[in-house]
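K.L.:
Mind looking at a prediction? Sequence and model below.
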Amino acid sequence: MSDTRLPLLAEAPTTYEPLLSWVEEVAELTKPDRIQWVDGSEAEYRQLTDELVASGTLTRLNPELFPNSFAAFSDPADVARVEEQTFICSKNERDAGFTNNWMDPDAMKEKLNGLFDGAMRGRTMYVIPFVMGHLDAEDPKFGVEITDSAYVVASMRIMARIGTDVLKKIEETRAFFVPALHSVGAPLEEGQEDVPWPCNPEKWIVHFPEERSIWSYGSGYGGNALLGKKCYALRIASVMARDEGWLAEHMLILKLTSPEGKAYHISAAFPSACGKTNLALLDPTIKGWKVETLGDDITWMRFGKQGELRAVNPEAGLFGVAPGTGWGTNPNAMRAIAKGNSIFTNVALTDDGGVWWEGMTEEVPAHLTDWKGNDWTPDAGHPAAHPNSRFCTPIDQIDMLAPEYFSPEGVEINAILFGGRRKTTIPLVTEARSWANGIFMGATLSSETTAAAAGAVGVVRRDPMAMLPFIGYDAGDYLGHWVKVSGKANPARLPKIFLVNWFRRTQDGGFAWPGFGDNSRVLKWAIERIEGTADAVETPIGFVPTAESLDLDGLDMTPEQVQEAVRFDSDEWKAEVPGLEEWFDRFGGSLPKSITAELDGLKARLS
Ligand SMILES: Nc1nc2c(ncn2[C@@H]2O[C@H](COP(=O)(O)OP(=O)(O)OP(=O)(O)O)[C@@H](O)[C@H]2O)c(=O)[nH]1
Ligand SMILES: O=C([O-])CC(=O)C(=O)O
Ligand SMILES: [Mn+2]
């Protein structure tokens, strides 16, 4: 190492110049008290969590209930992704497209340099080498996150492969890594006492797609701060995927095995807090069908040598929505969580040192400490856990994890589901008329907003392929990329595409479909459509099940109720069309013709 290096870098466990010079540059800018190179070891995790318990950021849970597990409580203003403050700073504004916030990269750098100047004063700067996907993948995707949050380090250790092995491989292969810089934006002055959840009222989540770098300022919350996840594996990766001919998607992957022992793989794109984790960990209510999981949030896909679509999950953990996750709805998640080694954020605490959230158990505890630290009883009038409270758990704690999760080659996808949260209009399941029609379903996907992002909840918005907040470039170009890469497919092996909606409501306001484990009935129908053995009714929007074609064995619903869930409503769809036209107008001409042609076809069939 050259002796002109900053003394803070004396302990650096690497001689890899591109990394050293970036770390040095960041240290000079942010002025931390010390640098810790993260090795990913058990001992280091113990050190970090001990420190976080001492500083009040983490509460150690009762080890008899949740071994080696902790609860964190955020600043009440730092509980979700901040889409209004998320930027794609491409050189040209046009390349960010209308779905992203944009600022000139030089102007943004100037702004960020100001904010990061001295931002880590009084704190430790952690350097986390990480890889998204497999370390032994053909083309491993490396990153290094620099952060001043030990909570982020501990969470990244669960969510990604991090530490010494990764650093070694970066160094040995002289690999490119995405520099991902994060600060909570709360420097400590001499003698100033820290708070349990340091953050800054001002937040900036910024991506430079051409240079493939990330700068995140002001927030400690998951999607804003664990930079391997949304910032890298979706926004930056979508740009890499565009340039390299693959797909980075907001999707789960599951393996479904029929009673005859034939295995299928399904990926599904639903917007944030719309059911990916729950479908991925499905416990089927139909006999003889088995579900195993490969991933619950992010999927990287590419067309293989035989023109088949192959998928991998680049993550190593679950960062799942806690509310609604219970022994009744998602026992596989509950079993994984019960093994411990988890970090819970903004859930409620039980009096015996465990955690609780709405929907975890049918019985509501008589007394809790809510996520804001206040006494809580069932008559409090507000939820005990924040609606976007999360559990962060290693994926290999899932009993029904498919062995193929560990394979860098991934699995062949046979069906793709697009789904959202819609009270009306969208039937339980609709099979696309063709691949192009399926891409149109993805392009026009819509959903009510949820607590996963700051802002109003329950507002219907278009969310193309469930990627609205995550496309790292122009949305029309992104949809064009889907059309282009699928041109490489073997047409006989193209997955069938389905549009699903677990959230349709009945006249009396209840859910039209029980959802959760009963969604296995929809998966079975989809597979039987692939095999050509299930009936369907053709409608202007695609093929919907006949009441008899769904396996309803053991389901407590009348045929009329099932019909209510699966029915196509011509009037609702006619009312939907102006919104679709408006949506397409917003692309300003960047939508591929094959997609606009699908809207014309739909209008013709509806009239
Ligand atoms: N009614 C109903 N609710 C569901 C169903 N599946 C999931 N949910 C609820 O939807 C909420 C979010 O579900 P998740 O599976 O965590 O959502 P996700 O898509 O993984 O979300 P992100 O992690 O934010 O990307 C939870 O409160 C679930 O209980 C379903 O089939 N029916
Ligand atoms: O990013 C997060 O914080 C959690 C998540 O999966 C999403 O919002 O889609
Ligand atoms: Mn997500």
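P.N.:
It's in. Ligands and ions are numbered 1, 2, ... in the order given.
K.L.:
shouldn't A225 be in contact with A150?
P.N.:
No. Between A225 and A150 there is no contact under C-beta atoms under 8 Å: 11.7 Å. C-beta coordinates here come from the backbone N, C-alpha and C atoms, glycine included.
K.L.:
Settle it for me: which of the two has more neighbours?
P.N.:
Taking other C-beta atoms under 10 Å, A225 and A150 do not tie; A225 has more neighbours (28 against 22).
K.L.:
distance of L282 from T86?
P.N.:
As judged by C-beta to C-beta, to the nearest Å, L282 and T86 stand 31 Å apart.
K.L.:
oh, I was asking about D396
P.N.:
With distances taken as C-beta to C-beta, D396 is found 31 Å from T86.
K.L.:
And for R521?
P.N.:
Relative to T86, and taking C-beta to C-beta, R521 is found at 37 Å.
K.L.:
Tell me which of D396 and T86 has more neighbours.
P.N.:
T86 (23 against 14).
K.L.:
show me what contacts that one?
P.N.:
Contacts of T86 were listed using C-beta atoms under 8 Å, 6 or more residues apart in numbering, and they are 100-101, 205-207, 469.
K.L.:
do that again at 10 Å, thanks
P.N.:
Residues counted as contacts of T86 (C-beta atoms under 10 Å, 6 or more residues apart in numbering) are 100-101, 203-207, 216, 223-224, 230-231, 235, 453, 469-470.
K.L.:
The residues you listed, buried ones only, as a ChimeraX selection?
P.N.:
A single ChimeraX command is used to select the members of the contacts of T86 judged buried by 16 or more other C-beta atoms under 10 Å:
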select :100,203,204,205,206,207,216,223,224,230,231,235,453,469,470
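K.L.:
Show me the contacts of T86 that map onto helices.
P.N.:
Counting by DSSP state H, the contacts of T86 place 223-224 in helices.
K.L.:
Out of the contacts of T86, which are close to ligand 2?
P.N.:
Applying C-beta under 6 Å from any ligand atom to the contacts of T86, one finds that 223, 230 fall near ligand 2.
K.L.:
which one among the contacts of T86 gets closest to L591?
P.N.:
Each of the contacts of T86 was checked against L591 using C-beta to C-beta; the closest is N100, at 16.1 Å.
K.L.:
Now that closest one: closest residue in space that isn't a chain neighbour?
P.N.:
In this structure, N100 finds its nearest non-sequential neighbour in I88, 4.1 Å apart by C-beta to C-beta, 6 or more residues apart in numbering.
K.L.:
That neighbour reaches F98, doesn't it?
P.N.:
No. Contact status for I88 versus F98: not in contact, 11.2 Å apart, counting by C-beta atoms under 10 Å.
K.L.:
so what sits against both of these two?
P.N.:
Joint contacts of I88 and F98 (C-beta under 10 Å, 6+ apart) are D474.
K.L.:
The two: which is more packed in?
P.N.:
When I88 and F98 are compared for neighbours, I88 comes out ahead with 25 against 14, by other C-beta under 10 Å.
K.L.:
What is the neighbour count of the residue in the stretch 401-550 of the chain positioned nearest to ligand 1?
P.N.:
With C-beta to the nearest ligand atom as the measure, G515 is the residue of the stretch 401-550 of the chain nearest to ligand 1, at 2.5 Å. Other residues within reach of G515, judged by other C-beta under 10 Å, total 17.
K.L.:
which SS state does the nearest residue to it once chain neighbours are set aside fall under?
P.N.:
Sequence neighbours aside, W502 is the residue nearest to G515 in space, at 4.4 Å (criterion: C-beta to C-beta, 6+ apart). In three-state terms, and counting by DSSP: H, G, I helix; E, B strand; the rest coil, W502 is coil.
K.L.:
ok, which stretches of the stretch 501-607 of the chain are strands?
P.N.:
In the stretch 501-607 of the chain, the strands defined using DSSP state E, counting those that start in this stretch lie at 536-539, 542-545.
K.L.:
looking at those, which is buried most?
P.N.:
Greatest average neighbour count among the strands of the stretch 501-607 of the chain goes to strand 542-545 (a mean of 22), per mean count of other C-beta atoms under 10 Å.
K.L.:
Just the mean pLDDT for that strand, thanks.
P.N.:
Throughout strand 542-545, pLDDT has a mean value of 98.
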